[in-house]
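Chemist: My questions are about this predicted structure, shown below with the sequence.
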Protein chains: 2
Amino acid sequence: MLSSLLKPEILELVRAREWSVLRDVLSDWPAQEVADLILELEKDERVLLFRGLSREVAAEVFSHLALEQQDHLLRDLTDAETRRLLSDLPPDDRTALLEELPGQATQRLLNLLDPDDLKEARWLLGYPEESVGRLMTPDYVAIHPDWTIGDALQHVRRFGRDSETINRVFVVDRGWRLLDDLELRWLILEEPDVLVRDLMDGSFASVSAFADREVAVSLIRKYDQTVLPVIDSGGVLLGIVTVDDLLDVQEEEATEDFHLAGSVEPLRQSFREAGLGLLYRRRIGWLVALVLVNFFSGAAISRYEDTIQAVVALTIFLPLLIGSGGNAGAQASTLMVRALATGDVGAGDWLRLLGRELAVAAAIGATMAMAVAAVGAIQAPEVLVVVSMTMFIVVVVGSLIGMSAPFVLARLGVDPAVASAPLITSVADVTGVLIYFTIANWYLGLS
Amino acid sequence: MLSSLLKPEILELVRAREWSVLRDVLSDWPAQEVADLILELEKDERVLLFRGLSREVAAEVFSHLALEQQDHLLRDLTDAETRRLLSDLPPDDRTALLEELPGQATQRLLNLLDPDDLKEARWLLGYPEESVGRLMTPDYVAIHPDWTIGDALQHVRRFGRDSETINRVFVVDRGWRLLDDLELRWLILEEPDVLVRDLMDGSFASVSAFADREVAVSLIRKYDQTVLPVIDSGGVLLGIVTVDDLLDVQEEEATEDFHLAGSVEPLRQSFREAGLGLLYRRRIGWLVALVLVNFFSGAAISRYEDTIQAVVALTIFLPLLIGSGGNAGAQASTLMVRALATGDVGAGDWLRLLGRELAVAAAIGATMAMAVAAVGAIQAPEVLVVVSMTMFIVVVVGSLIGMSAPFVLARLGVDPAVASAPLITSVADVTGVLIYFTIANWYLGLS
């Protein structure tokens, strides 16, 4: 092979520090070959050779190295080089690297990056959209357990000025693994010669950088804290998320659920500033999908054209009946979607809540049947019994559909908020048409 | 009068400290008379006499005193006596008292009350439901501007242990008026002999105890703080609200809007624990109201019985058309309700947004008209043109109704979230029926 053939010459070029010649020669080599070559070099030669490679080649070669070698190489690169390398890597390789890299390395990368580049860096670091990793900042103060309170406060005074919040400081070991969190005020209230270790109780709340940001919201609410440490799978402290960011997250998540509940794909940006094209795209999908659902209502009606022809008065109550079933369903799904989103109710509670929903829906259905009987008595007495019976049944069936749909969606791995009022209304419409004309045919003896 | 007649005797009894005799004598007196009598006594005698009165009489007499005398009397009562007196006052008198009382007095009441009684005390203090006053706690640390940082930190060490948060301390003058807020870490980072005054910049965010709690949420988000001072109309510091409570508020408010959007009256309690009766009451009102709206759809259809009789195929498309108009309207109202709730859009933006909505709705309507033409071409070619034209118009009209309704409600002083998907859908249904049969009659030359 080319590489083995030329290897002695290459090694000689390395020893002679002929970087520009090497760069030319190696630019034609397959990346795997260059990676193999690098492994045969001394540690400091590796970095020098690597630096000599063109950007594309360097990224490709890096991808071919084993994780351990990647880690070693990263330690010897400057921060600027590291950042450049990361941005040249294909996104999936980058994510794989960051997920596998020891936490210390990730944490070092985060800590040393320019704050202005933090947004880009978090993206570079491969944390998924809406993950805690995208929210975290490295602006915290860490202390060690064998320090005195005096040392710790001295450290806070020196490094605390730029920190996002120093109301809580974090105790880490030499490998930067998180051991505990302490409130600054606890330090203030202690004598300076007490050891940090003696204040520690080893109990703290933390969140993974790969967790969904909603997890951070519920944790910070549960523990009534203003800041939450972010760790990797090995327990290494990567950064913090602060409550002011989580307030924004909570509102954004509520807005997303709100949009879904109105069968709009979440905008994920200011409505005021959203363009025409975006608004169109976020709305048209669901509307067309609902046309298909509604079309079943039409198909169902077409089966009963003879019934309609015979008793046209039935049509008068059609919108009222299918509308009421839909509205009751929308109420039931709204209550359930929100209860699931806030954690008030769990995905396994369906059966437990079904009985209650049935009782409430029956009471509502009975009331509605009486209301429609009272309103309709004058207008079309010949269909009154059919209409009242139908009202009761469509309200109960609509409510059960609305109440159950969020659970079904959750089971399928879909956001329960997709069980929007318009979706439930449309599904309840189809059901309502079928119920209505079935009862009408039976009661009026039409078919 | 009885009182003037007996006054010398009464004064003698007071001087002789005959409290039990006085109590019996005064229990029959009109409250106004006792109040007049009290004003003639020396300051320390007033309190002693007041203490001798039975609870009902004391509360009545207190109500008859002028504000200034009430204030003086309160200063001399113990906390237990004050609380008992407040709970005996009629609610409107209590609110009037607290609204008018100098902030120092309110603040003293709040500060000295037992933490366990705080919830009751906030209610006693007459702050309206969902106001900041109901959320605040007196657990803060206040310092004075002429103290040194050393004094201030000493004070924090002594009184900070029980405080809800000492991450931020509050600078007040001798009248307890709020002058500034300082972060604890700023104090830590300074030399101990610097004066508090020298750290002050006089800029701070604060909120009135009578403000809606949503105001506190938006302020704390705007200023990225973890705690917000609560003041009375005179600028006196009454307490603080903390971000962890406001996270809960933000979620509760979103839940209320969510319920309204599904035409459910807000539960304001856990859905999981809500009883059958409560769920029934929160749902039935809107459903019955919507029956009335939907009934107009029926009435509209009944006007067109002849048209239906002539072309029964029109009925097949009825649910599809009015459903689509309703769904487009629900989307438009959902977007607008949420944008108004988060402050993304203001109540005065209607006209500015109308043009954009019209453009988006026209594009959506055109797409939907094509979709329904494609789907319906086989089933009922004779009504295809009518159906496509109707689809375009109902989508545009439904969208404009949905988009405008929240603004109309806001103008009427109603929560825009009342423009729920079911309400908009029902209103759009009526409109849709009228549009559909008008076009059908005109195009098919039926009437």
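Modeler: Alright, I've got the coordinates. Numbers count the residues shown, from 1 in each chain, chains lettered A, B, ... in the order given.
Chemist: Show the subsequent helix or strand relative to the helix or strand hosting A:Phe50.
Modeler: Take DSSP states H and E as the rule and A:Phe50 turns out to sit in helix A:43-52. Counting by DSSP H and E, the next helix or strand C-terminal to helix A:43-52 is helix A:55-64.
Chemist: Contacts made by that following helix with the rest, please.
Modeler: For helix A:55-64, contacts defined as C-beta atoms under 8 Å, 6 or more residues apart in numbering or on different chains pick out A:26-27, A:31-32, A:34-35, A:38, A:50, A:53, A:70, A:73, A:84-85, A:88-90, A:93. (C-beta placed from N, C-alpha, C; glycine too.)
Chemist: The helix or strand just after it: how far from the chain's middle?
Modeler: Later in the chain than helix A:55-64, the nearest helix or strand by DSSP H and E is helix A:67-76. Distance of helix A:67-76 from the chain centroid (C-alpha atoms, centre = their mean, to the nearest Å) equals 31 Å.
Chemist: mind giving me the domain split of chain A?
Modeler: A:2-101, A:142-256, A:283-444 (automatic domain parsing).
Chemist: Need the winner for burial among those domains.
Modeler: Between these, domain A:283-444 has the highest mean count of neighbours, a mean of 22, where neighbours are mean count of other C-beta atoms under 10 Å in any protein chain shown.
Chemist: any idea how far that domain is from the chain center?
Modeler: Distance, stretch centre to chain centre, for domain A:283-444: 32 Å (C-alpha atoms, centre = their mean).
Chemist: Point me to the residue of the stretch 301-447 of chain A nearest chain B.
Modeler: Using C-beta to the nearest C-beta, the closest approach of the stretch 301-447 of chain A to chain B is made by A:Thr334 at 2.5 Å.
Chemist: residue contacts, that residue?
Modeler: A:261, A:402, A:421, B:258-259, B:261-264.
Chemist: how about 10 Å then?
Modeler: A:261, A:402, A:406, A:417, A:419-421, A:424, B:258-264, B:283, B:420-422 (C-beta atoms under 10 Å, 6 or more residues apart in numbering or on different chains).
Chemist: any idea which element it lies in?
Modeler: Under the criterion of DSSP H and E, A:Thr334 resides in helix A:318-341.
Chemist: thinking again about what came up before, mind putting the domains of chain A in JSON lines, mean pLDDT included?
Modeler: Shown next, in JSON lines, are those (pLDDT from 0 to 100):
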{"stretch": "domain A:2-101", "mean pLDDT": "76"}
{"stretch": "domain A:142-256", "mean pLDDT": "88"}
{"stretch": "domain A:283-444", "mean pLDDT": "89"}
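Chemist: can I get these in JSON lines with distance to A:Tyr127?
Modeler: Below are those laid out as JSON lines (distance: least, C-beta to C-beta, whole Å):
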{"stretch": "domain A:2-101", "distance to A:Tyr127": "8"}
{"stretch": "domain A:142-256", "distance to A:Tyr127": "6"}
{"stretch": "domain A:283-444", "distance to A:Tyr127": "20"}
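Chemist: so which of those domains gets nearest B:Val345?
Modeler: Closest of the domains of chain A to B:Val345 is domain A:142-256, at 12.4 Å (criterion: C-beta to C-beta).
Chemist: Go through the domains of chain A and name the closest to B:Thr390.
Modeler: Closest to B:Thr390 of those, according to C-beta to C-beta: domain A:283-444, at 13.1 Å.
Chemist: Look through the stretch 51-200 of chain A and state the residue closest to chain B.
Modeler: For the stretch 51-200 of chain A, C-beta to the nearest C-beta, closest residue to chain B: A:Asn167, 4.1 Å.
Chemist: Pretty sure that residue sits against B:Trp186.
Modeler: No. Under the criterion of C-beta atoms under 10 Å, A:Asn167 is not in contact with B:Trp186, lying 11.7 Å apart.
Chemist: Now do the helices for the stretch 1-150 of chain A: every range, in order, please.
Modeler: Along the stretch 1-150 of chain A, counting by DSSP state H, counting those that start in this stretch, helices occupy A:2-15, A:19-26, A:31-39, A:43-52, A:55-64, A:67-76, A:79-88, A:91-100, A:103-112, A:118-124, A:149-159.
Chemist: same for the last one, what does it pack against?
Modeler: With contacts defined as 3 or more C-beta pairs under 10 Å, 6 or more residues apart in numbering or on different chains; DSSP states H and E, the packing partners of helix A:149-159 are strand A:142-143, strand A:168-172, helix A:184-188, helix A:196-199, helix B:184-188.
Chemist: now those in TSV, with distance to B:Asn327?
Modeler: Converted to TSV, the helices and strands packed on helix A:149-159 look like this (distance: least, C-beta to C-beta, whole Å):
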stretch	distance to B:Asn327
strand A:142-143	53
strand A:168-172	48
helix A:184-188	53
helix A:196-199	59
helix B:184-188	53
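Chemist: right, and the ones you listed - which one's nearest A:Glu9?
Modeler: Between the helices and strands packed on helix A:149-159, strand A:168-172 lies closest to A:Glu9; by C-beta to C-beta that is 48.0 Å.
Chemist: ok and that closest one relative to helix A:149-159, angle-wise?
Modeler: Angle of strand A:168-172 versus helix A:149-159, following axes from the mean of the first three to the mean of the last three C-alpha atoms, to 10 degrees, is 110 degrees.
Chemist: Hmm, A:Met178 is touching A:Val172, no?
Modeler: Rather than Met, residue A:178 is Leu. Yes. The criterion here is C-beta under 10 Å, and A:Leu178 meets it with A:Val172 at 5.7 Å.
Chemist: Quickly list what's touching both of the two.
Modeler: In contact with both A:Leu178 and A:Val172: A:142, A:229, A:235-237, using C-beta under 10 Å, 6+ apart.
Chemist: Please flag which of the residues you listed sit within strands.
Modeler: Residues of the shared contacts of A:Leu178 and A:Val172 located in strands (DSSP state E): A:142, A:229, A:237.
Chemist: Identify the residues contacting the last one.
Modeler: With contact set as C-beta under 10 Å, 6+ apart, A:Leu237 has these partners: A:103-104, A:107, A:111, A:138, A:140, A:142, A:170-173, A:176-179, A:181, A:206, A:229-231.
Chemist: now it, nearest residue through space, not along the chain?
Modeler: Excluding the flanking residues, the one nearest A:Leu237 by C-beta to C-beta, 6 or more residues apart in numbering or on different chains is A:Leu178, at 4.4 Å.
Chemist: Checking my notes, that neighbour in a strand, right?
Modeler: Yes. Membership of A:Leu178 in a strand is supported by DSSP: H, G, I helix; E, B strand; the rest coil.
Chemist: what sits against it?
Modeler: Residues in contact with A:Leu178, defined by C-beta under 10 Å, 6+ apart, are A:103, A:142, A:170-172, A:204, A:206, A:229-232, A:235-238.
Chemist: Tell me which two of the residues you listed sit farthest apart.
Modeler: Greatest spatial distance in these: A:Val171 and A:Asp232, 17.0 Å, computed using C-beta to C-beta.
Chemist: May I have the secondary structure class of the nearest residue to A:Gly160 once chain neighbours are set aside?
Modeler: Spatial nearest neighbour of A:Gly160, chain neighbours left out: A:Ile166 (4.2 Å); criterion: C-beta to C-beta, 6+ apart. Secondary structure state of A:Ile166, per three-state DSSP, is coil.
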